[in-house]
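**Student:** Model the structure of this input:
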Amino acid sequence: METECFPGLTPCEHLAPRYEAMPHGSIHHAKIVCAACGKYMGWQPKPETVVRRIETERKIAAVGSKLLSSWEKAFIESIKKLDGKLSPRQQATLDKIYDS
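**Tutor:** Next up, the predicted model:
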């Protein structure tokens, strides 16, 4: 379940998130907890992950104007729904289409 103010986070009646940095090398950047009650609300992505997802969304938008094969069109349509969260293989395929 998500909150309107903080999409993607577990709801808490206080809506007062606090970010707790995770140790270096952790898979997560920071844990988001309620500052009032300490309830776990979700994970904050690493800054480089956010940048990569934005770049991926930009590439998806850019290849839409290219002349694509039917397979490439279907692939692009399928990854549009992933909000920039691609597997390494999907990312490599998108990069290849983008660079061609």
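**Student:** Report the mean per-residue pLDDT for the longest helix along the chain.
**Tutor:** Counting residues, the longest helix in the chain under DSSP state H turns out to be helix 47-63. Per-residue pLDDT values over helix 47-63 give a mean of 91.
**Student:** Report the separation between Arg18 and His29.
**Tutor:** As judged by Cβ to Cβ, to the nearest Å, Arg18 and His29 stand 14 Å apart. In short, each C-beta sits where N, CA and C put it, glycine included.
**Student:** out of those two, which sits in the more crowded spot?
**Tutor:** Between Arg18 and His29, His29 has the larger neighbour count (other Cβ atoms under 10 Å), namely 16 against 13.
**Student:** where along this protein do the strands fall?
**Tutor:** Shown for the chain, the strands assigned by DSSP state E span residues 17-21, 30-34, 40-44.
**Student:** average model confidence for the first one?
**Tutor:** Meaning strand 17-21. 90.
**Student:** Tell me the buried residues in it?
**Tutor:** Pro17 (16 or more other Cβ atoms under 10 Å).
**Student:** Which segments of the protein make up each domain?
**Tutor:** 1-44, 47-99 (automatic domain parsing).
**Student:** Lowest average pLDDT across those domains?
**Tutor:** Across the domains of the chain, domain 1-44 gives the lowest mean pLDDT, at a mean of 79.
**Student:** Could I get the contacting residues of the residue nearest to Ala16 when sequence neighbours are not counted?
**Tutor:** Nearest residue to Ala16, sequence neighbours excluded (Cβ to Cβ, 6 or more residues apart in numbering): Ala35, at 4.3 Å. Residues near Ala35 by Cβ atoms under 8 Å, 6 or more residues apart in numbering: His14, Ala16, Pro17, Arg18.
**Student:** Hmm, Val33 and Tyr40 touching each other?
**Tutor:** Yes - here Tyr40 reaches Val33: they are 5.6 Å apart, a contact under Cβ atoms under 8 Å.
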